[in-house]
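> Next one to model:
(4 chains)
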There are 2 protein chains.
Amino acid sequence: MSLSDVPEPQRRRHGAELQTALLDAAWDELVEQGYDSFTIDAVAVRAHTSRAVLYRRWPTKPDLVKAAIASRAFQQSLEIPDTGSVRGDLIAFMKLANGSRAQQGLVLITRLGAFYSDAGTNLTELRRGLMQARGEAVDQMLARAIDRGEIDPAKLTPRTRRVAFDLFLHELMLTLEPVPDDSIAEIVDEIFLPLVAP
Amino acid sequence: MSLSDVPEPQRRRHGAELQTALLDAAWDELVEQGYDSFTIDAVAVRAHTSRAVLYRRWPTKPDLVKAAIASRAFQQSLEIPDTGSVRGDLIAFMKLANGSRAQQGLVLITRLGAFYSDAGTNLTELRRGLMQARGEAVDQMLARAIDRGEIDPAKLTPRTRRVAFDLFLHELMLTLEPVPDDSIAEIVDEIFLPLVAP
DNA sequence: GGTTCTAGATACAGTGTGTATCTTCCGTTC
DNA sequence: GAACGGAAGATACACACTGTATCTAGAACC
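Here you go, the predicted model:
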């Protein structure tokens, strides 16, 4: 046993520093263990603190989970690509989404399940967040496409606007893996473009 | 306390009768409590037996859950409507699916989440089952549509074949509610038919 | 009617949750 | 810079659930 085995000089953390460490530990546990094997004990150990510190902030396990997700999963907003064509824009955007933290959050939240019934949250809320975030991006890409004459505005309905991302999300949710490039291209080329091209 | 409060005449059940009672109790608990609050204790109480009887058959909680789902969720196969038009067939089929036990199973399994990591199952398996079940139905409906000249066979690709049900399933998974008739009609009229009509 | 199987009861160790209490550090204030 | 107060961190507890083990008595089978 060397002296370096002694873990920490016992400095006490406070405020934001501690808060962040707690939520980070919770998030990591969540990602590694999944909701079912997630224990407050383990979070406390990982954060080098005691359960009391966690219970002081979040009265129940679902509360902590919710907070951890909120703190990490949906912070990132995607940049909107501008490749010169709708096709390019859409494909690039979906590829970005594939690797984003939102994707990670979605995978996680889909593995969560049990959490919804507990916490009164549900997938509809998640959807609303995602829709809103991507809605603006889609609007922008489509507006440019109309300017360029690539899309017939008369053929754009709420449903046709959504269709590409609905299919993308659907595939993502079912496989919990990044959507392959082939599928992305297929969605754009076989579904979206034929529906809205002039 | 009347005599009628005495619960049961202590008859012992065996074999299939007992098995069914156990799985029914497990299924009901699952639907009412969700996976996270699901306890083997509660199943035993509901089935008027002891936990030992359950553990004798299913060594762990996920095993019991899996068995309960298998026993109930995917038994029902949908009849294939024949209304005289693809449009009518597809819409009728989705409305049927809305009310089916498979829908109930899907809603449940989506609420499950934690179960997947436990049991090594995942949504991909569910998907495979659903795809296969509905694939035949879709094939049959589309074949009739081609005969009637409603669909251009050249426009049918694996992706266009799937698109209507992908969108249907997606909406179902996100809302965990039956898909409204409006949405069903929209999917068929704004997406599917324009893509494959001659 | 005796044998065998197993339903059903009960007890136990292990683990996790959530509450309560206590000491001790750290930031704030006078 | 000393005193104060709040919160960190430790510890102990009651309760619930899991999974194992053991016992007894009802049902099925010969």
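
> Could you use CA atoms for every contact and neighbour count after this?
Noted.

> what about the residue of chain A at minimum distance from DNA strand C, neighbour count?
At 3.3 Å from DNA strand C, residue A:39 is the closest residue in chain A, using Cα to the nearest atom of the strand. The burial metric for residue A:39, expressed as a neighbour count using other Cα atoms under 10 Å in any protein chain shown, is 15.

> Tell me how far it lies from residue A:62.
Between residue A:39 and residue A:62 the distance is 11 Å, computed by Cα to Cα, to the nearest Å.

> near DNA strand D, which residues of chain A show up?
Residues of chain A found near DNA strand D, taking Cα under 7 Å from any atom of the strand as the criterion, are A:10-15, A:18, A:48-53, A:56.

> Okay, and which of those map to helices?
A:15, A:18, A:51-53, A:56 (DSSP state H).

> same for DNA strand C: which of the residues you listed are within range?
Contacts with DNA strand C are made by A:51-52 out of these, judged by Cα under 7 Å from any atom of the strand.

> Could you export the ones in helices among the residues of chain A next to DNA strand D as TSV, including pLDDT?
Putting these into TSV (pLDDT from 0 to 100) gives the following:
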residue	pLDDT
A:15	85
A:18	92
A:51	95
A:52	94
A:53	95
A:56	94
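
> Looking at the ones in helices among the residues of chain A next to DNA strand D, which one is closest to chain B?
Looking at those and their distance to chain B, the nearest is residue A:51, at 21.2 Å (Cα to the nearest Cα).

> what residue ranges in chain A score low on pLDDT?
Scanning chain A for pLDDT under 70 picks out the ranges A:1-10, A:73-78, A:99-134, A:175-176.

> switch to 80 and redo it
For chain A, residues meeting the criterion pLDDT under 80 lie at A:1-10, A:31, A:34-36, A:69-80, A:97-137, A:172-178.

> all helices for it, in order.
With DSSP H as the criterion, chain A has helices at A:15-37, A:40-46, A:51-57, A:61-72, A:86-99, A:101-112, A:114-119, A:123-147, A:158-175, A:181-186, A:193-196.

> Please see if the fourth one touches DNA strand C.
Yes. Using Cα under 7 Å from any atom of the strand, helix A:61-72 reaches DNA strand C at residue A:61.

> Can I get that helix in PDB, CA atoms only?
Output of helix A:61-72 as PDB, limited to C-alpha atoms (Å, rounded to 0.1, in the frame of the first residue of the first chain):
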ATOM      1  CA  LYS A  61     -34.400   8.200  -7.800                       C
ATOM      2  CA  PRO A  62     -36.600   9.300 -10.800                       C
ATOM      3  CA  ASP A  63     -36.000  12.900  -9.800                       C
ATOM      4  CA  LEU A  64     -32.300  12.400 -10.000                       C
ATOM      5  CA  VAL A  65     -32.600  10.600 -13.300                       C
ATOM      6  CA  LYS A  66     -34.700  13.400 -14.700                       C
ATOM      7  CA  ALA A  67     -32.200  16.000 -13.600                       C
ATOM      8  CA  ALA A  68     -29.300  14.100 -15.000                       C
ATOM      9  CA  ILE A  69     -31.000  13.800 -18.400                       C
ATOM     10  CA  ALA A  70     -32.000  17.400 -18.400                       C
ATOM     11  CA  SER A  71     -28.500  18.500 -17.600                       C
ATOM     12  CA  ARG A  72     -26.900  16.600 -20.400                       C
END
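
> for residue A:25, what are its contacts?
Residues touching residue A:25, when contacts are defined by Cα atoms under 8 Å, 6 or more residues apart in numbering or on different chains, comprise A:43-44, A:46-47.

> Kindly apply the preceding question to residue A:171 instead.
Here residue A:171 is in contact with residue A:179 (Cα under 8 Å, 6+ apart).

> In space, what's closest to residue A:67 - neighbours in sequence excluded?
residue A:23 (7.3 Å; Cα to Cα, 6 or more residues apart in numbering or on different chains).

> check contacts around the one you found.
Contact criterion Cα under 8 Å, 6+ apart gives A:64, A:67-68, A:71 as the residues in contact with residue A:23.

> Near DNA strand C, which residues of chain A? Just list them.
A:10-14, A:38-41, A:51-52, A:55, A:59-61.

> 6 Å instead, please
With Cα under 6 Å from any atom of the strand as the criterion, chain A meets DNA strand C at residues A:11-12, A:39-41, A:52, A:55, A:59-61.

> Emit the ChimeraX select command for whichever of those are buried.
A single ChimeraX command is used to select the members of the residues of chain A next to DNA strand C judged buried by 16 or more other Cα atoms under 10 Å in any protein chain shown:
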select /A:40,61
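
> can I get the residues of chain A next to DNA strand C in TSV with distance to chain B?
What follows is these, written out as TSV (distance: Cα to the nearest Cα, whole Å):
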residue	distance to chain B
A:11	36
A:12	35
A:39	13
A:40	15
A:41	18
A:52	23
A:55	20
A:59	18
A:60	14
A:61	12
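
> Let me have the residues of chain A next to DNA strand C in JSON lines, adding distance to residue A:189 as columns.
As requested, the residues of chain A next to DNA strand C are arranged in JSON lines below (distance: Cα to Cα, whole Å):
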{"residue": "A:11", "distance to residue A:189": "58"}
{"residue": "A:12", "distance to residue A:189": "57"}
{"residue": "A:39", "distance to residue A:189": "45"}
{"residue": "A:40", "distance to residue A:189": "47"}
{"residue": "A:41", "distance to residue A:189": "50"}
{"residue": "A:52", "distance to residue A:189": "55"}
{"residue": "A:55", "distance to residue A:189": "51"}
{"residue": "A:59", "distance to residue A:189": "50"}
{"residue": "A:60", "distance to residue A:189": "47"}
{"residue": "A:61", "distance to residue A:189": "45"}
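
> Great, nothing more from me.
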